[in-house]
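Enquirer: Okay, here's the prediction I keep looking at, along with the sequence it came from:
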Amino acid sequence: MSREDKALHTGRVGFGAMDEVVFGRPASEVLVEQMDRLGANRAFLMVSGTLNRQTDVIENIRRALGSRCAATFDAMPAHTPRSAVIAAAAEARAANADLIVTIGGGSITDGAKAVQLCLANDVSTVEGIDGLRAGRGGAPQLAAPTVRQISVPTTIAGGEFSATAGVTNEKTKVKEALRHPLLIPRATILDPWLSTHTPEWLFLSTGIRAVDHCVEGTCAREAHPYGDALALKGLSMLAEGLPRVKADASDIDARMDCQIGTWLSTGPLASGVPMGASHGIGYVLGAEFGVPHGYTSCVMLPSVMRWNKPANAARQALVAAAMGHPNEDAGDVLDRFIRGLGMPRSLREVKVGSEHFDRIAQQAMATPWVPRNPRKIEGPAQVREILDMAA
């Protein structure tokens with residue numbers, strides 16, 4: 001093949017405003033070090049209500065921070081509704097916070113990102129979030145956050161490695177994106193012991209969300225070697241680690257592998273590679289029907305892969321190989337893998353009936369990712385084909 005015949009890799013990889021990732025150490029120790037490093041004195045804790053009320057984890061962290069813990073907020077529901085963001089921002093403002101520390105799942109992580117923008121742009125009402133939304137043309141001109149975030153995730157969907165927050169508009173039931181380069185946490189702490197408190201279904205299903213990042217990043221038309229290296233290694237670690245956690249919830253090494261695999265899974269998106277229809281349809285299932293993020297990937301990803309295969313069979317072969325099943329169909333490999341973890345595999349199992357499919361298909365076309373799917377989706381009728389496959 002001549003040089004002229006081969007497509008030249010082009011792209012741009014940005015290295016965002018995260019300073020460091022600390023892994024394999026207890027969060028209570030690392031948070032003290034991070035506050036020392038940043039010179040922070042008034043940490044506003046945004047935490048899981050379950051962890052705060054049913055375990056001693058949050059109290060131990062408050063004790064370690066001492067007088068530098070300014071306040072605690074533990075009332076962020078799933079899918080990060082606007083009203084909870086405004087409530088948290090009001091408490092952070094009243095506490096005169098100089099740092100937000102999140103300990104919990106993706107909804108809490110995203111909530112803190114949104115709070116950063118509310119504080120910086122003097123937003124104190126649900127309607128005020130309208131001015132923060134990112135549209136098709138990119139993010140509006142916003143004041144940069146000055147109160148930044150440290151994230152201690154207890155699930156493994158990977159939002160702590162992104163500069164985008166998803167916030168649900170309760171009136172329209174649409175998940176809206178907020179973006180700013182400084183929304184990415186200053187540091188992320190991967191504490192595998194902390195994740196033992198996460199319910200099995202939540203840990204494993206968010207692990208499939210991370211698998212979805214790897215898979216759609218690898219299968220994108222815009223995939224490039226940097227993103228591939230991270231996604232395929234991350235996929236391999238998740239494919240090994242998740243069944244080990246399922247078999248033995250106390251396997252800390254397996255949990256650490258899953259957390260690192262999740263970190264790697266965000267490589268494509270962080271380096272400009274778009275996601276596809278699994279993520280786009282998932283946005284609608286989450287915001288309108290309350291389907292947990294991880295479950296949306298469990299239900300949609302194999303069907304999306306099968307629908308896409310005519311356009312990217314060679315890329316899908318990389319996915320099957322990374323999961324330990326070379327020369328097999330990637331959709332089948334993913335289907336078996338998800339079922340083996342005991343996760344739902346149909347829209348029926350997450351209580352979404354076919355009577356809703358036309359509306360879901362229409363809304364999915366307006367998400368950022370369905371138009372970027374590797375097999376071109378021309379309109380709602382093709383999204384409906386995928387939904388029918390996942391019924």
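Expert: Done, it's in. Remember, it's a predicted structure, so these values are computed and weren't measured experimentally.
Enquirer: Every contact and neighbour count from this point should use C-alpha atoms.
Expert: Will do.
Enquirer: so which strand or helix has Leu285?
Expert: helix 277-289 (DSSP states H and E).
Enquirer: Which strands or helices does that helix pack on?
Expert: strand 174-179, helix 200-219, helix 293-322, helix 357-364 (3 or more CA pairs under 8 Å, 6 or more residues apart in numbering; DSSP states H and E).
Enquirer: Just the buried residues of the shortest one, please?
Expert: Within strand 174-179, the residues scored as buried using 16 or more other CA atoms under 10 Å are 174-179.
Enquirer: and which of those residues is nearest Ala143?
Expert: Arg179 (11.6 Å; CA to CA).
Enquirer: Give me the nearest residue to the closest one, chain neighbours excluded.
Expert: With sequence-adjacent residues excluded and distances taken as CA to CA, 6 or more residues apart in numbering, Arg179 is closest to Thr164, at 4.6 Å.
Enquirer: That neighbour: neighbouring residues, count only.
Expert: Each residue near Thr164 was counted by other CA atoms under 10 Å, and the total is 20.
Enquirer: quick one, phi/psi of the residue positioned nearest the centre of the chain?
Expert: For the chain, the residue sitting closest to the mean C-alpha position, by CA atoms, centre = their mean, is Gly159 at 3.5 Å. Backbone torsions of Gly159, given as degrees, to the nearest 10, read phi -60, psi -20.
Enquirer: Just give the nearest non-adjacent residue to it, would you?
Expert: According to CA to CA, 6+ apart, the nearest residue to Gly159 is Gly106 (5.9 Å).
Enquirer: My guess is that neighbour contacts Ala157. True?
Expert: Yes - with contact defined as CA atoms under 8 Å, Gly106 reaches Ala157; the gap is 6.8 Å.
Enquirer: Next one, pLDDT for the residue lying closest to Cys219 once chain neighbours are set aside please.
Expert: Leaving aside its chain neighbours, Cys219 sits nearest to Arg315 (5.3 Å; criterion: CA to CA, 6+ apart). Looking at Arg315, its pLDDT stands at 98.
Enquirer: One more: Arg3?
Expert: Arg3 is given a pLDDT of 44.
Enquirer: what do you get for Asn373?
Expert: Confidence score, pLDDT, at Asn373: 98.
Enquirer: And for the one 10 residues further on?
Expert: Per-residue confidence for Val383 comes out at a pLDDT of 98.
Enquirer: Quick check, it in contact with Ile377.
Expert: Yes - using CA under 8 Å, Val383 is in contact with Ile377, at 7.2 Å.
Enquirer: These two: which has the busier surroundings?
Expert: Val383 (24 against 16).
Enquirer: Quick check: nearest residue in space to the more buried one, chain neighbours excluded?
Expert: Distance criterion CA to CA, 6+ apart; nearest residue to Val383, sequence neighbours excluded, is Ala361 at 5.2 Å.
Enquirer: Can you give me every residue that contacts the closest residue in space to Ala311 that isn't next to it in sequence?
Expert: If the residues on either side of it in the chain are set aside, Ala311 comes closest to Arg375, at 5.4 Å by CA to CA, 6+ apart. The contact partners of Arg375, by CA atoms under 8 Å, 6 or more residues apart in numbering, come to 308, 310-312.
Enquirer: related to what we said a few turns ago, need phi/psi at the residue nearest to Gly159.
Expert: Dihedral pair for Gly106: phi -60, psi -30, per degrees, to the nearest 10.
Enquirer: Return the residues in contact with it.
Expert: Contacts of Gly106 by CA under 8 Å, 6+ apart are 153, 155, 157-160.
Enquirer: Which of the residues you listed has the largest number of neighbours?
Expert: The residue in the contacts of Gly106 with the most neighbours, by other CA under 10 Å, is Glu160 (31 neighbours).
Enquirer: what separates the nearest residue to Leu132 once chain neighbours are set aside from Pro243, distance-wise?
Expert: Nearest residue to Leu132, sequence neighbours excluded (CA to CA, 6+ apart): Leu178, at 6.2 Å. For Leu178, the distance to Pro243 equals 34 Å [CA to CA, to the nearest Å].
Enquirer: what comes into contact with stretch 123-138?
Expert: By CA under 8 Å, 6+ apart, stretch 123-138 touches 82-83, 86, 89-90, 117-118, 139-140, 142, 176-179, 368.
Enquirer: CA atoms only for that stretch, dumped as CSV, please.
Expert: Extracted C-alpha coordinates of stretch 123-138, given in CSV (Å, rounded to 0.1, in the frame of the first residue of the first chain):
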residue,chain,number,x,y,z
VAL,A,123,-26.8,30.8,39.9
SER,A,124,-29.3,30.2,42.7
THR,A,125,-32.5,29.1,41.0
VAL,A,126,-33.5,26.0,39.0
GLU,A,127,-34.2,28.3,36.0
GLY,A,128,-30.8,29.8,36.3
ILE,A,129,-29.2,26.6,35.1
ASP,A,130,-30.6,27.4,31.6
GLY,A,131,-27.7,29.8,31.2
LEU,A,132,-25.1,27.1,32.0
ARG,A,133,-26.2,24.5,29.5
ALA,A,134,-24.0,23.4,26.6
GLY,A,135,-25.7,23.3,23.3
ARG,A,136,-24.7,21.9,19.9
GLY,A,137,-22.5,24.9,19.3
GLY,A,138,-20.5,24.2,22.5
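Enquirer: buried set for that stretch?
Expert: Going by 16+ other CA under 10 Å, stretch 123-138 has these buried residues: 123-126, 129, 132-134.
Enquirer: What average pLDDT does it get?
Expert: 86.
Enquirer: So Arg82 sits against Thr168, correct?
Expert: Yes - between Arg82 and Thr168 a contact is recorded at 6.0 Å, counting by CA under 8 Å.
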